[in-house]
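A.B. asks: here is a sequence together with a model predicted from it:
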Amino acid sequence: MKKENKAFAFRGKYLLLVVVALYGGLFFVNAPGAQLALQKSGSILLKIVPIFAFVIFFTTLLNFFLRPKKIIAHLGKDSGIKGWGWALTGGVLSHGPMYAWYPLIEDLRAHGMRDGLITVFFASRTIKIPLLPMMVDYFGLTFTIVLSFYILVGAVLQGILLELGER
Amino acid sequence: MGMDKKEKKQSSQRPAFFMVLQKSSLNFLAMAPLLLGVIGLVGLFQVLVSPEMLASLFQGNPFLDTLIGTFSGAAAAGNPIVSYLIGGELLDQGISLYAVTAFLLSWVTLGFIQLPAEVTVFGGKFTFYRNILAFLFTMIIAALTALTMQVLS
C-alpha cells in the first residue's frame, strides 16, 4: 500500500512533453492537421470533464464514508463473490474512456483492491449500456446478448488468471 | 477490549469532507499531465489514422482478419460508436464476424495509446499481464461469439 501523505508531484510529465513535441513536429509538416488534432483533443477533453468531475467526487465520497477496512472487505483479498460482483457491475456501469478511471481505481488499489478485480473492471467495460440499443441495431439482439455473456464470463476468467499469474 | 474501543473511536473519527475533497482533487491534479498526454495522443491518432485506413487492413482470411481486428482495434482510439460504424461496414464488405467482434472488443479493452499511462499508474507487471490476457480473451471471445452465432442461426 502507498503512504498516505506523499509529496505532491506531477505524473506523466515526460509523456506530455513527448506529445507536445509531436504536435510541434506536426505543425511544421502539416499545420492544418496539427490544428485539427488539437481541436479533436480539446473536444475529447470537454466531453470527459464531467467524468473527471464524477471520478473526483466519487473518490471523495469513498474516502469520506468508507474506511479502508470497509473497502478491503468489499474489494480486498477476502471479498469473495461479492468482490467479483462489484467489479463487474462497476465496469459495466462506468462510462467514458478507460484512462478517465485510472485515478479512482488507483485510489481503490491503494486501499487494498485486488488486481484481479481491477482486471475484471477493465474487461467488463466493453459492455456499454447506453450504446446497447445501437449495437442491437447494427449487429442484432442475439449477437449483443451472446457477446455480452462471453464478455462477463471472460472478464471474471481474466481476473482469476491475472491473480494466478501474479503469484 | 481497550484496543477495540480505541480502534472504534479512530474509525469513527472522519476527516472533514472538504479535506478529503481537497486530497482527491490534488491526487487527480497530479495525474493531469498523464491524462492530457493520452488525450493529446488520441487527438493525433484520430487525425492521422482514418477509419477507412483501418478498414483497408482486412484481407478476407478469417484467422488473419481476427488478428488484424484485434491489433487495429487496440491501435484505434475514440468513442466506441465509431467502432460499431466501422464494424457494420466491415460486415457489409464481407469481413468475417470473428474479425469484426475482435475489432469491437479490442477497441475498448486494449489501447496502445494509453499504455504509457497504464504503466505509470498500475506498474509494468500488472499492465503486461492485463494486456496479454485482454489480447488472448479478445481472440477467444470473438471466436466463441462467432461460433455460437453460427450454431444459433
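C.D. replies: Looks like it arrived, so ask away. Bear in mind the structure is a predicted one, so any value in this text is a computation, not a measurement. Numbers count the residues shown, from 1 in each chain, chains lettered A, B, ... in the order given.
A.B. asks: from what I can see residue B:26 touches residue A:9, true?
C.D. replies: No. Proximity of residue B:26 to residue A:9 does not meet the contact threshold set by Cβ atoms under 8 Å, at 10.5 Å. All C-beta atoms are positioned from the backbone trio N, CA, C, and that covers glycine.
A.B. asks: more neighbours: which of those two?
C.D. replies: When residue B:26 and residue A:9 are compared on other Cβ atoms under 10 Å in any protein chain shown, the one with more neighbours turns out to be residue B:26, at 11 against 7.
A.B. asks: give me the nearest residue to that one, chain neighbours excluded.
C.D. replies: Closest residue in space to residue B:26, ignoring its immediate chain neighbours: residue A:8 at 6.0 Å, by Cβ to Cβ, 6 or more residues apart in numbering or on different chains.
A.B. asks: give me the pLDDT for the closest residue to chain B within chain A.
C.D. replies: Each residue of chain A has a distance to chain B, by Cβ to the nearest Cβ, and the smallest belongs to residue A:12, at 2.6 Å. Taken from the predicted model, the pLDDT recorded for residue A:12 is 86.
A.B. asks: what's the burial count for it?
C.D. replies: So residue A:12, with other Cβ under 10 Å, has 22 neighbours.
A.B. asks: ditto for residue A:134
C.D. replies: Using other Cβ under 10 Å, the number of residues around residue A:134 comes to 16.
A.B. asks: circling back to that earlier point, any idea how far residue B:77 is from the closest residue to the residue of chain A closest to chain B other than its chain neighbours?
C.D. replies: Once flanking residues are discounted, residue A:12 sits nearest to residue B:34: 2.6 Å by Cβ to Cβ, 6+ apart. In this structure, residue B:34 lies at 16 Å from residue B:77, with Cβ to Cβ, to the nearest Å as the measure.
A.B. asks: and if you look at residue A:44?
C.D. replies: From residue A:44 over to residue B:77 the distance is 9 Å, taken as Cβ to Cβ.
A.B. asks: please, which helix or strand holds residue 119?
C.D. replies: Let's take chain A. For residue A:119, the element it lies in under DSSP states H and E is helix A:115-124.
A.B. asks: hmm, no, I was thinking of chain B.
C.D. replies: Residue B:119 is located in helix B:115-122, with elements delineated by DSSP H and E.
A.B. asks: and that helix, what's buried?
C.D. replies: B:116, B:117, B:118, B:119, B:120, B:121, B:122 (16 or more other Cβ atoms under 10 Å in any protein chain shown).
A.B. asks: next one: stretch A:159-167
C.D. replies: Across stretch A:159-167, burial judged by 16+ other Cβ under 10 Å covers A:159, A:161, A:162, A:163, A:165.
A.B. asks: same question for stretch A:29-48.
C.D. replies: A:34, A:36, A:37, A:38, A:40, A:41, A:44, A:45, A:48.
A.B. asks: can you check the pLDDT for the nearest residue to the second one once chain neighbours are set aside?
C.D. replies: In other words, residue A:36. Distance criterion Cβ to Cβ, 6+ apart; nearest residue to residue A:36, sequence neighbours excluded, is residue B:47 at 5.0 Å. Note for residue B:47: predicted pLDDT of 89.
A.B. asks: give the other helices and strands that the helix or strand containing residue B:47 contacts.
C.D. replies: Secondary-structure element containing residue B:47, defined by DSSP H and E: helix B:32-48. The contact analysis (3 or more Cβ pairs under 8 Å, 6 or more residues apart in numbering or on different chains; DSSP states H and E) places helix B:32-48 against helix A:13-29, helix A:31-65, helix B:115-122.
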